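Chemist: 3D, please:
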Amino acid sequence: MVHTAQSLDSLKPTQLRELSATLLKKLEKQDAKLAKQTLELAQQQTLYQSLKAEHTELMGSLTDKERELLFSQIKVDQLTHELAVLKRLKFAAKSEKLTDTQRKLFDENLEIDLAAIQCKLDEIEPERVAARDLNKKSPKREALPADLPRMRVEHEPDSTVCTTPGCGCQLFRFGEDVSEKLHYEPGTFKVEEHVRGKWACRACEKVVQAPVPAQIVDKGLATAGLLAYVLVSKYADHLPLYRQETMFGRAGYAIPRSTLCRWVAKCGVQLQPIVDALKGAVFKHRVLHADETPIQVLSPGDKKTKRAYIWAYAPSKFDSTKAVIYDFCASRSGYHATEFLDSWSGTLVVDQYAGYKSVFRNGVSAAACWAHARRKFEELYVSSKSPIAQEILKQIAILYAIEAEIRDSSEEVRLSVRQEKMRARVDAIFAWMQMHRLQVTDGTAIAKALDYSLKCESELKAFLCDGQIPIDNNHVENAIRPIALGRRNFLFIGSEMAGKSSAAVMSLINSAKMNGLDPLEYMTDVLSRLPTQPNSRIEELFPHNWKRQEN
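Modeler: Numbers count the residues shown, from 1 in each chain. Here you go, the predicted structure:
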């Protein structure tokens, strides 16, 4: 019962004393409960600090080798758990009400995820893989169709002179081993016959043979060219694997979708080190572009898709490094950009999405996009023929005309011209905006367009003070457009893991396109060289550094 001031006045003294006693008891109970919770919290904090100290002491007592083994085991446990979850999902999803296209895409991405996790586990535990392969009876691969055209590729020892100390006799060829690889050129399959000659010394009976060429998919059927074709078709041409399966069947050799999934997963895992190193190269630049675009991710538990985002980061369009790094994230939270950029410092060219505010800390400043500002006034002029919007569009067009003249100039020249020809004009544009903003009613379309630019005046002026900062964010918006186009074809991504793998491969393919390379030629060469490429020379495989390998 709630007592108001008037009801308390009507109570008798005995009733007031009873009410006071009841309230005191409630307060005592609440105080006791609060004291108990405080004590439990203190105990939990003490336990946490104790466990933290024990962990620190334990890690400090471990050798580097023991610490490495511990982290490896933790990673194995995580991947094993993910593998079990995905396997349960694979069988549970059969009851989901999905369309035929959704079912094919879901199965495709789930198979890729399962294969990717298995690849990562195999990398961490090579001993287990060796034991598994030893105990497993490998199925005999069916011979490739005899009617496919053949191309002989010979692998012979560097020298046919016996290297046994004191011998030096001429080796003789007594046989050969032949392995077949499936190659694909648009519309046509052919078979590469890799021939490794067997050579022996009659004097000391030493046998010599060229080693098996290293490849991305160990003991795999596909050549680097076929693997590259599958990746480029999936991530550049947005052709799902179930469609590629049909296409390959028409070309003369049906490759099961499960096999295509394993190839994509293996390539994604193997290419990740290049993408990680490329990210480091991008972060060496002091001006970066950033943008994000939504993408649907299948959530089979509730039979729906959920919205995720792919974020894109690229050096300034004025930099010699032409590259883009995509980062797949579960949401549009600014936390993802903060985590990705980590300790990077410089100027970030972005739109006015509020999520980027968490990025702008010590060492990171913002530059805004004039194309976005212009878009607000263009929409207003198209809808209402506003004279204010028309005048601002005219002034912005002059800014872009000056920028076009100095596009290929040096950083110093761009800065000088901007200071001389653009600073006063930009100041006048904002003064004109301020004057007209005072004359329009809050909440109107023209007020919103003016407010958008006025609120980021300093960010829109940033390009005037640094010749390396572009006038807009179009550079990265162009780099993110292929993903928007892909959405129309593949509808959604099957899982978050598939999203991260896709982002890595697309980073290389679209960076290659930014450098004017043929993605298929580039990816074919990279997949050929990667198995033997030293980590110390991984930058040679960056799209902006890549050169055709001489045969």
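Chemist: check contacts around residue 445.
Modeler: 380, 383-384, 386 (Cβ atoms under 8 Å, 6 or more residues apart in numbering). Where C-beta positions appear, they are placed from N, C-alpha and C, glycine not excepted.
Chemist: need the phi and psi values for residue 326.
Modeler: phi -100, psi 140 (degrees, to the nearest 10).
Chemist: my read is that it contacts residue 506, right?
Modeler: Yes - using Cβ atoms under 8 Å, residue 326 is in contact with residue 506, at 5.5 Å.
Chemist: for the two, list the residues in contact with both.
Modeler: residue 483.
Chemist: just to revisit the earlier point, could you flag which of the contacts of residue 445 are buried?
Modeler: 380, 386 (16 or more other Cβ atoms under 10 Å).
Chemist: check the contacts of residue 445 and tell me the two furthest apart.
Modeler: 383 and 386 (8.3 Å; Cβ to Cβ).
Chemist: and the nearest residue to residue 329 once chain neighbours are set aside, how many neighbours does it have?
Modeler: Residue nearest to residue 329 in three dimensions, not counting chain neighbours: residue 336, with 4.0 Å by Cβ to Cβ, 6 or more residues apart in numbering. Counted by other Cβ atoms under 10 Å, the residues lying close to residue 336 total 20.
Chemist: buried set for whichever strand or helix holds residue 336?
Modeler: If you go by DSSP states H and E, residue 336 is part of helix 334-341. The neighbour-count check on helix 334-341 (16+ other Cβ under 10 Å) flags 334, 336-338, 340-341 as buried.
Chemist: now stretch 277-292
Modeler: Of the residues in stretch 277-292, those buried (16+ other Cβ under 10 Å) are 278-279, 281-283, 285, 287-292.
Chemist: filter those residues down to the ones in helices?
Modeler: If you go by DSSP state H, those have 278-279, 281-282 in helices.
Chemist: identify the farthest-apart pair in the buried residues of stretch 277-292.
Modeler: Pairwise over the buried residues of stretch 277-292, using Cβ to Cβ, the maximum falls at 281 and 292, 21.4 Å.
Chemist: tell me where the model's unsure across the stretch 401-550 of the chain.
Modeler: Across the stretch 401-550 of the chain, the ranges flagged by pLDDT under 70 are 486-495, 550.
Chemist: tell me, how many residues neighbour residue 540?
Modeler: So residue 540, with other Cβ under 10 Å, has 14 neighbours.
Chemist: residue 526 is in contact with that one, correct?
Modeler: No - applying Cβ under 8 Å, one finds residue 540 not in contact with residue 526, separated by 9.8 Å.
Chemist: would you map the strands across the stretch 201-350 of the chain?
Modeler: Under the criterion DSSP state E, counting those that start in this stretch, the stretch 201-350 of the chain contains strands at 207-209, 287-299, 304-315, 325-329, 346-349.
Chemist: could you dump these into JSON lines and include distance to residue 185 and mean pLDDT?
Modeler: Below are the strands of the stretch 201-350 of the chain laid out as JSON lines (distance: least, Cβ to Cβ, whole Å; pLDDT from 0 to 100):
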{"stretch": "strand 207-209", "distance to residue 185": "30", "mean pLDDT": "92"}
{"stretch": "strand 287-299", "distance to residue 185": "31", "mean pLDDT": "86"}
{"stretch": "strand 304-315", "distance to residue 185": "31", "mean pLDDT": "87"}
{"stretch": "strand 325-329", "distance to residue 185": "28", "mean pLDDT": "93"}
{"stretch": "strand 346-349", "distance to residue 185": "41", "mean pLDDT": "94"}
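Chemist: now, of those, which is deepest in the fold?
Modeler: Greatest average neighbour count among the strands of the stretch 201-350 of the chain goes to strand 325-329 (a mean of 24), per mean count of other Cβ atoms under 10 Å.
Chemist: where do the strands sit along the stretch 351-500 of the chain?
Modeler: 364-367.
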